[in-house]
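[1] following is a predicted model, sequence given first.
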Amino acid sequence: AMYAALGIHGCLPHSHGSQGCCAYHRMHLTRHFRDPVMASSSSFTEGASVFGGAANLKTSIKNVFAIYNPEIIAVHTTCLSETIGDDLPNILKQAEIPEGKAVIHVNTPSYHGSHITGFSGMCKAMVSYLCQSDGFQKDQVNVLPGFVNPGDMREIRRIVNELGIRLIMFPDTSGVVDTPLTSRYQMFPDGGATVAEIRDAGNSELTLALGSFASNDAADLLQEKCGVTGIPLKLPIGLVATDAFIMALKDWFGVGIPESLAVERGQVVDTLIDTHFHYQGKTVAVFGDPDHVIAMTEFLLTMGMVPKYVLTGTPGRAFETEVTKLLEDAGITGSNVKAEGDLFELQQWIREAPVDLLIGTSYGKYIARAEDIPFVRFGFPILDRAVHPLMPVVGYRGCLRLIEQISNALLDRRDRDCLDEDFELVL
């Protein structure tokens, strides 16, 4: 929820709970993006924990607007305030909100769902509080990008711009958590979707919801509230999903595919043909956020690999259903697919029947080391390597990057393990 809130221009995320909860969320985001993440807290103490945090929240809102002057405050709850039962809609009605400013909220107890659940809830709150319809539709598209890096959001915007379609993307963390180093500190960077843009999303012709777990709820609410047609799509990771994203825009708006995108697609197909023998038939274990894992599984199948273990920590039967269908359509049998799983279980699967490659977040490095498996970092969080947030994995350019990472990881392992007489210069 905090990451989604950062995708609104001039927004200060607010954690309604203790200082420790806020500090943990900020720390995790800061370590992944390697950019300072700002947020405020209701700073619960023993009194608020017993009698409720209404007074803390109202005081926090007053002080934040007076001291930091954000355009909007996005409040998310914690398990403490949820267990107490704080009535946020009622508390916000009583809060002192300056004219022209806004406060939105989402309920995010840590014992319900995962961080993707919180991200989805905050996107839905943006629609609920901000989106409005003026009674007529504009020739523009809304894109809900899902829980992706700012580099991915920049790439999505570039693709839509190449097609010549006016875009409103929210949340949009590009220009917020990937800012350049300058001599001037900005509390609120230049990036992010403005409140005015999010309001105007209610006048768009179409909404593309990228990633069902992170984006569908917000798109459904926008269609119900403002009559904007919503189309659910996978994250545009891989050739098939990127094709579907571009074709959805082409078919709806009647635009042509520019030569630049056709060239990029051709490069991906050419690279797949040139390198297929590096990874054809190799078995893979992939884990992470559900939308990322679903799209990655589809791309691995396109590459001719065999996803043997597919796991997410986020609950939801829809994950198992969708991944299982992808595997069945590709003729893959005997794979383990699980939602609301954990890495202990994944490691047990790998110990019983090893795989050739592991793909997932930084937490997978312990399994990779213990089981001696090549490892490709993918998703959120990546805490032990840099630059990932700036480099897209979506679109055709993202395809090339993933092919490079996967191919090189397997080739590095081949070079490490082969006999001296098999140590080749050309592979």
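    Thanks, I have it. Numbers count the residues shown, from 1 in each chain.

[2] could I get the pLDDT score of Gly146?
    Gly146 is assigned a pLDDT of 97 by the prediction.

[3] same check on Ser43?
    Reported pLDDT for Ser43: 88.

[4] helix/strand/coil for Pro315?
    coil (DSSP: H, G, I helix; E, B strand; the rest coil).

[5] contacts only, for it.
    Shown in contact with Pro315 (CB atoms under 8 Å, 6 or more residues apart in numbering): Gly113, Ser114, Ala339, Glu340. No exception for glycine: its C-beta is placed from N, CA and C like everyone else's.

[6] so where do the strands sit in the stretch 201-350 of the chain?
    Secondary structure of the stretch 201-350 of the chain (DSSP state E, counting those that start in this stretch): strands at 204-210, 229-233, 283-287, 306-311, 336-338.

[7] so what's Asn336 bridging to?
    Beta-bridge pairing of Asn336 under DSSP bridges involves Tyr309.

[8] isn't it right up against Gln348?
    No - using CB atoms under 8 Å, Asn336 makes no contact with Gln348, being 10.2 Å away.

[9] which one's more surrounded, those two?
    Neighbours were counted for Asn336 and for Gln348 using other CB atoms under 10 Å; Asn336 has more, 16 against 9.

[10] residues contacting that one?
    Residues in contact with Asn336 (CB under 8 Å, 6+ apart) are Lys308, Tyr309, Val310, Leu311, Trp349.

[11] re earlier: I'd like to know which of the strands of the stretch 201-350 of the chain lies nearest to Arg265.
    strand 229-233 (16.9 Å; CB to CB).

[12] so in that sheet, which strands flank that closest one, and in what orientation?
    Using DSSP bridges, the strands paired with strand 229-233 are strand 204-210 (parallel).

[13] let me see the mean pLDDT of the partner strand.
    97.

[14] give me the beta-bridge partners of the closest residue to Pro232 other than its chain neighbours?
    Nearest residue to Pro232, sequence neighbours excluded (CB to CB, 6 or more residues apart in numbering): Ala209, at 4.8 Å. Here Ala209 sits in beta bridges with Leu144, Pro232, going by DSSP bridges.

[15] re earlier: the strands of the stretch 201-350 of the chain: which one's closest to Ala409?
    In terms of CB to CB, the element of the strands of the stretch 201-350 of the chain nearest to Ala409 is strand 283-287, at 10.6 Å.

[16] what about the closest one, average pLDDT?
    Mean pLDDT, computed over strand 283-287, is 98.

[17] one more: stretch 225-238?
    Stretch 225-238 carries an average pLDDT of 97.

[18] try stretch 404-412
    The model assigns stretch 404-412 a mean pLDDT of 97.

[19] ok, stretch 298-315 next?
    97.

[20] returning to that earlier point: need the contacts of Asn336 in TSV with distance to Lys101, can you?
    Formatted as TSV, the contacts of Asn336 follow (distance: CB to CB, whole Å):
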residue	distance to Lys101
Lys308	51
Tyr309	48
Val310	44
Leu311	42
Trp349	50
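
[21] pick the one among the residues you listed closest to Met27.
    Leu311 (25.3 Å).

[22] so which bits of stretch 272-289 are buried?
    Leu272, Thr275, His278, Tyr279, Lys282, Thr283, Val284, Ala285, Val286, Phe287, Gly288, Asp289 (16 or more other CB atoms under 10 Å).

[23] OK, contacts around the fourth one?
    If I follow you right, that is Tyr279. By CB under 8 Å, 6+ apart, the contact set of Tyr279 is Met303, Gly304, Met305, Leu357, Ile406, Ser407, Leu410.

[24] assign a three-state SS to the last one, would you?
    At Leu410 the chain is in helix, as set by three-state DSSP.

[25] who are the contact partners of it?
    His278, Tyr279, Lys282, Asp356, Leu357, Pro374.

[26] output these in CSV; the columns should cover distance to Gly146.
    Below are the contacts of Leu410 laid out as CSV (distance: CB to CB, whole Å):
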residue, distance to Gly146
His278, 29
Tyr279, 26
Lys282, 27
Asp356, 28
Leu357, 24
Pro374, 27
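
[27] neighbours around Ala370, how many?
    When neighbours are counted by other CB under 10 Å, Ala370 registers 11.

[28] now do the buried residues in the host helix or strand of it.
    Ala370 belongs to helix 365-371 when elements are defined using DSSP states H and E. Neighbour counts using 16+ other CB under 10 Å place Lys365, Ile367, Ala368 of helix 365-371 among the buried residues.

[29] and which of the buried residues of stretch 272-289 is nearest to Lys138?
    Asp289 (31.9 Å).

[30] contact partners for the closest one?
    Ser114, His115, Ile116, Phe147, Phe213, Ala214, Thr312, Thr314, Gly379, Phe380.

[31] kindly provide the distance from it to Ala23.
    23 Å (CB to CB, to the nearest Å).

[32] again with Leu239
    41 Å.

[33] same check, this time on Tyr68
    17 Å.

[34] tell me which element Ile116 is part of?
    helix 115-130.

[35] got the contact list for that helix?
    So helix 115-130 is contacted by 1-5, 8, 74, 76, 102, 104-108, 144, 147, 170-171, 195, 198-199, 201, 213-218, 221-222, 225, 289-291, 314, 380 (CB under 8 Å, 6+ apart).

[36] report the inter-axis angle for it versus strand 204-210.
    Counting by axes from the mean of the first three to the mean of the last three CA atoms, to 10 degrees, helix 115-130 points 170 degrees away from the direction of strand 204-210.

[37] and helix 115-130, how far out from the chain middle?
    How far helix 115-130 lies from its chain's middle: 13 Å, per CA atoms, centre = their mean, to the nearest Å.
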